[in-house]
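Chemist: Return a 3D structure for these sequence lines:
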Amino acid sequence: MRRWVAAGVVLAVLGWVSACGGAGPADLSEAQRLRLQARAVARAWQEWASSQTPVCASIEVSAGLRAALSELFPAEIEYLDPQELEGMNTEGYRCAVVAVSVGAVRQLSADLVGVDAGAVIGFLNGGGTTYLFRWDGSRWVDATPQDTGVTVTSWVT
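Modeler: Have a look, this model is predicted:
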């Protein structure tokens with residue numbers, strides 16, 4: 001009996017290791033995580049603001065995420081104090097879009113991760129969702145709930 005239990009444990013571990021793959025979600029480096037977070041913010045920005053500029057974000061964004069964002073955004077990002085961001089309204093709104101939230105990279109399955117991100121383009125005008133990325137065996141590709149069958153949470157202001 002013990003031999004069958006041990007064999008089952010070994011098979012389960014081997015199945016888990018092969019499902020994770022060599023460069024899949026469980027093995028993400030910090031740089032890969034930052035790039036996925038930046039891609040989620042860029043997707044939120046494209047969804048909510050199209051090609052409007054300038055783009056603003058909180059000064060609380062880490063240096064690593066700032067570097068990853070600078071590679072993706074066509075315009076320079078202006079980093080502001082969170083109180084400045086909260087005080088903006090439709091009159092004199094300084095930024096065309098504010099990249100407001102970015103969550104951690106969460107593993108949703110063996111080959112799927114999600115990152116919560118959102119943006120606002122004016123007072124009570126914005127939203128966000130969980131942006132999905134699927135590991136295709138060699139790289140992370142954008143995915144959607146329709147592609148994956150995964151239900152995500154969204155927010156709108």
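Chemist: Please pull up the helix or strand immediately following the worst-scoring helix or strand of the chain on mean pLDDT.
Modeler: Here the helix or strand of the chain ranked lowest by mean pLDDT, DSSP states H and E is helix 2-20, holding a mean of 31. Once the chain leaves helix 2-20, the next helix or strand it forms, by DSSP states H and E, is helix 30-49.
Chemist: what's next to that following helix, contact-wise?
Modeler: Applying C-beta atoms under 8 Å, 6 or more residues apart in numbering, the contact partners of helix 30-49 are 28, 55, 57, 62, 64-65, 67-69, 71-73, 96-97, 99, 102-105, 113, 115-121, 126-129, 131, 133, 140, 142. Backbone N, C-alpha and C define where each C-beta goes, glycine included.
Chemist: out of those residues, which are buried?
Modeler: Buried subset of those (neighbour count, 16 or more other C-beta atoms under 10 Å): 28, 55, 57, 65, 68-69, 73, 96-97, 99, 102, 105, 113, 115-121, 126-129, 131, 133, 140.
Chemist: From those, which land in strands?
Modeler: Among these, the residues falling in strands (DSSP state E) are 55, 57, 97, 99, 102, 113, 115-121, 126-129, 131, 133, 140.
Chemist: Kindly confirm my reading that Val61 forms part of a helix.
Modeler: No - the assignment for Val61 (DSSP: H, G, I helix; E, B strand; the rest coil) gives coil, which keeps it out of a helix.
Chemist: tally of neighbours for it?
Modeler: Val61 is flanked by 18 other residues according to other C-beta atoms under 10 Å.
Chemist: Please name the nearest non-neighbouring residue to it.
Modeler: Tyr79 (6.7 Å; C-beta to C-beta, 6 or more residues apart in numbering).
Chemist: I'd like the distance from the one you found to Ser62, if you could.
Modeler: 11 Å (C-beta to C-beta, to the nearest Å).
Chemist: swap in Arg39?
Modeler: Using C-beta to C-beta, Arg39 is found at 16 Å from Ser62.
Chemist: What about Leu34, how many residues nearby?
Modeler: So Leu34, with other C-beta under 10 Å, has 21 neighbours.
Chemist: contacting residues around the closest residue in space to it that isn't next to it in sequence?
Modeler: Nearest residue to Leu34 in three dimensions, chain neighbours excluded: Ala68, at 4.3 Å (C-beta to C-beta, 6+ apart). Residues near Ala68 by C-beta under 8 Å, 6+ apart: Ala31, Leu34, Arg35, Gln37, Ala38.
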